[in-house]
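Asker: can't give you the sequence, but here's the structure:
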């Protein structure tokens, strides 16, 4: 295992509401796991936002020892995404970089604030791809990866205060909230908006520390 800089950037909260065109994806309440593919080695590494492990027997055992309850994560990735993503990377000239990364959320029906119940059946949800230089923009992500199991699109349109308020008030039937994405390349931006119901759940679970798990 090696410590890495944040494998996925911290997403700003809803104080940054700009009237720009966006795609809002459902935010799944789980743990961010990344998976690394190299043109010669194939899928060779994986980990959390801050730790990376070799995707071999020793690395998987080390990961499982440090993250009890995640033992099915590697199996889920290989049976759900590995071959399909590799096919895209090999056939699409856009993904000619030597190394590429994908990001999934690991969660179950009762996962909450990064905590998981051992008895739950877990799943992975693909929500972003790094093409070796930058994150794939949301429109391209839908076009090139939309046939796979990806985060649900909740809304397309301008990011407005009204939309943000509708999310917070629970009008889009999402438990935690949404992640809004827009732009492309160096102008790619993301904003997360969480529901008031999720805020109340955090307050009840974490009392004075609830803001650590908020936006």
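Answerer: Yep, that arrived. Please read these numbers as outputs of a predicted model, since none were measured by experiment.

Asker: for the worst-scoring helix or strand of the chain on mean pLDDT, packing partners?
Answerer: When each helix and strand of the chain is scored by mean pLDDT, DSSP states H and E, strand 2-3 comes last, with a mean of 73. Here strand 2-3 touches strand 51-54, going by 3 or more C-beta pairs under 8 Å, 6 or more residues apart in numbering; DSSP states H and E. C-betas here are computed from N, CA, C, even on glycine.

Asker: which parts of the strand it packs on are buried?
Answerer: 51-54 (16 or more other C-beta atoms under 10 Å).

Asker: what do you get for stretch 47-61?
Answerer: Those would be 47-49, 51-55, 59-60, for stretch 47-61 by 16+ other C-beta under 10 Å.

Asker: and the helices in the chain, which stretches?
Answerer: 57-66, 73-77, 83-91, 138-145, 161-168, 196-206 (DSSP state H).

Asker: okay if I get those helices as CSV plus mean pLDDT and distance to residue 186?
Answerer: Listed next are these as CSV, based on pLDDT from 0 to 100; distance: least, C-beta to C-beta, whole Å:
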stretch, mean pLDDT, distance to residue 186
helix 57-66, 96, 33
helix 73-77, 98, 29
helix 83-91, 97, 22
helix 138-145, 98, 15
helix 161-168, 95, 25
helix 196-206, 96, 31
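
Asker: right, I'll call it a day here.
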